[in-house]
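Enquirer: Fold the following and give me the result.
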Amino acid sequence: MKCLIIDDDEASRTLLMHLIKQVDYLQLAGVCNSPAEGLKALQKETIDLVFLDIEMPEMSGIDMLKNIDMPPAILTTTHAEYALDAFEYNIVDYLVKPITLPRFIKAVEKARGLHSKNSPVSEIVDKNYFFIRKDSVLTKVPIKEILWIEALGDYLTVNTINKKYILHSTLKAIEGKIPQDKFIRVHRSFIINIDNVTSVEDTTIYINNTAIPVGAMYKENFIKVLNLL
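Expert: Coordinates of the predicted model:
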């Protein structure tokens, strides 16, 4: 999940950056020391989660929630008495400074759960297919028909036998939803369906006529999953 810090206190920003590094599914997209900077950052790219300080000059975190269409937010403050007002704005959680790692993880796990529910890919229990969301339409896609998934900036493409789907998501978000016995990450930009690999030549995988690179850090693990004679 791409996250953004908006906090006017340097020590708090430093602590949040440290905590975010401890959670592998969080990606820090920006650090802002004022609401004005935060608004600019929110306009530049899609953010999944905001760590928002309440007490700031010019505009408080509560004011931002009242007046701006914000992504899901975890509020941070030194004053617990703001909690009641804050929860009127459907925030994810409320952290009182100084923030501990266990409490931080509990909050971001809540955010992760909400993010998964809103993900463009929904996993089915029997793992034979996915539903892929495009606007208000859910399309059923059998897993065996997925060839590879490719990252393209803030988007990714799910390439199937008959069609290509473009989703606003990341490979990291998708990795937690796909069956690990069928899919493997072979490059920072590619996840492949092992069953659909046609051939492998050195550091290149071929799926039908498409060449897909194997990254150096992924090669050893990829070789391990091949059923070599």
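
Enquirer: if I look at residue 79, how far off is residue 152?
Expert: Applying CB to CB, to the nearest Å, the value for residue 79 to residue 152 is 43 Å. The way it works is simple: take the backbone N, C-alpha and C, and place the C-beta from them, glycine included.

Enquirer: swap that for residue 201, sorry
Expert: Taking CB to CB, one finds residue 201 at 25 Å from residue 152.

Enquirer: and what of residue 214?
Expert: 19 Å.

Enquirer: Between the two, point out the one with more neighbours.
Expert: A side-by-side neighbour count of residue 214 and residue 152, using other CB atoms under 10 Å, places residue 214 first with 21 against 10.

Enquirer: Give me the pLDDT for residue 223.
Expert: The predicted local confidence for residue 223 comes out at a pLDDT of 86.

Enquirer: Next: residue 16.
Expert: According to the model's per-residue confidence, residue 16 sits at a pLDDT of 95.

Enquirer: do the one 3 residues further on as well
Expert: According to the prediction, residue 19 has pLDDT 95.

Enquirer: For it, give me its contacts.
Expert: Neighbouring residues of residue 19 by CB atoms under 8 Å, 6 or more residues apart in numbering: 99, 101, 104.

Enquirer: Now intersect the residues you listed with the strands, please.
Expert: For the contacts of residue 19, not one is inside strands, with DSSP state E as the criterion.

Enquirer: Using the record's domain definitions, break the chain down for me.
Expert: 2-117, 121-225 (automatic domain parsing).
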